[in-house]
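S.K.: fold the stuff below for me.
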Amino acid sequence: MLNVFEVHEIDGEVEEAVPGLVRQLSQSAPAPTREQLEALVNHPAITFLAARVDDGPIIGILTLALFPVPTGLRAWIEDVVVDAAAQRQGAGAALTNAAIERARAAGARTVDLTSRPSREAANLLYQRLGFERRETNVYRYDLG
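M.R.: Numbers count the residues shown, from 1 in each chain. Here you go, the predicted model:
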């Protein structure tokens, strides 16, 4: 059975699983350190979710950011990744649905996310879950 849970502390299992998942998501992002993971789970705006099958290893993660702005409470999903060996078992949908429910419970009116066009399966999943593609421009300013 698929189990989605909130990560509140960084133990050996999380410290071991997350870097490998991050490498599958991004070739350019460095693996997070234990200190970075601890800062993540202790940040008041962040809900860090993980998924596993039964009592097995962590197979997926998702980060939900909830933050107030003058127009209301914003909810943003980032860094959704399911281990390549465990894909198509429903973990991505379960993680995303869990994030949506937490955003709804917190009072957010919408949930936003982005996904590269090359991630075809992820884009189809988000559409199947009810996300709608927006006509918008996403800009990035490189601080590095």
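S.K.: residues making contact with stretch 34-45?
M.R.: 7-10, 14-15, 18, 32, 46, 48, 63, 65-67 (C-beta atoms under 8 Å, 6 or more residues apart in numbering). Every C-beta, even on glycine, is put in place using the N, C-alpha and C of the backbone.
S.K.: closest one of these to Arg134?
M.R.: Ala65 (17.6 Å; C-beta to C-beta).
S.K.: how many neighbours does the closest one have?
M.R.: Ala65: 16 surrounding residues under other C-beta atoms under 10 Å.
S.K.: which stretches of this protein have low pLDDT?
M.R.: Residues of the chain meeting the criterion pLDDT under 70: none.
S.K.: mind listing the strands for it?
M.R.: Secondary structure of the chain by DSSP state E: the strands cover 2-6, 46-53, 58-69, 72-82.
S.K.: before we move on, back to that, among the contacts of stretch 34-45, name the buried ones.
M.R.: Buried members of the contacts of stretch 34-45, counted by 16 or more other C-beta atoms under 10 Å: Val7, Ile10, Val14, Val18, Pro32, Ile46, Phe48, Thr63, Ala65, Leu66.
S.K.: sorry, back to before: now the contacts of stretch 34-45 in TSV, with distance to Gln89?
M.R.: Output for the contacts of stretch 34-45, formatted as TSV (distance: C-beta to C-beta, whole Å):
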residue	distance to Gln89
Val7	20
His8	24
Glu9	26
Ile10	25
Val14	20
Glu15	23
Val18	19
Pro32	24
Ile46	25
Phe48	20
Thr63	20
Ala65	26
Leu66	27
Phe67	31
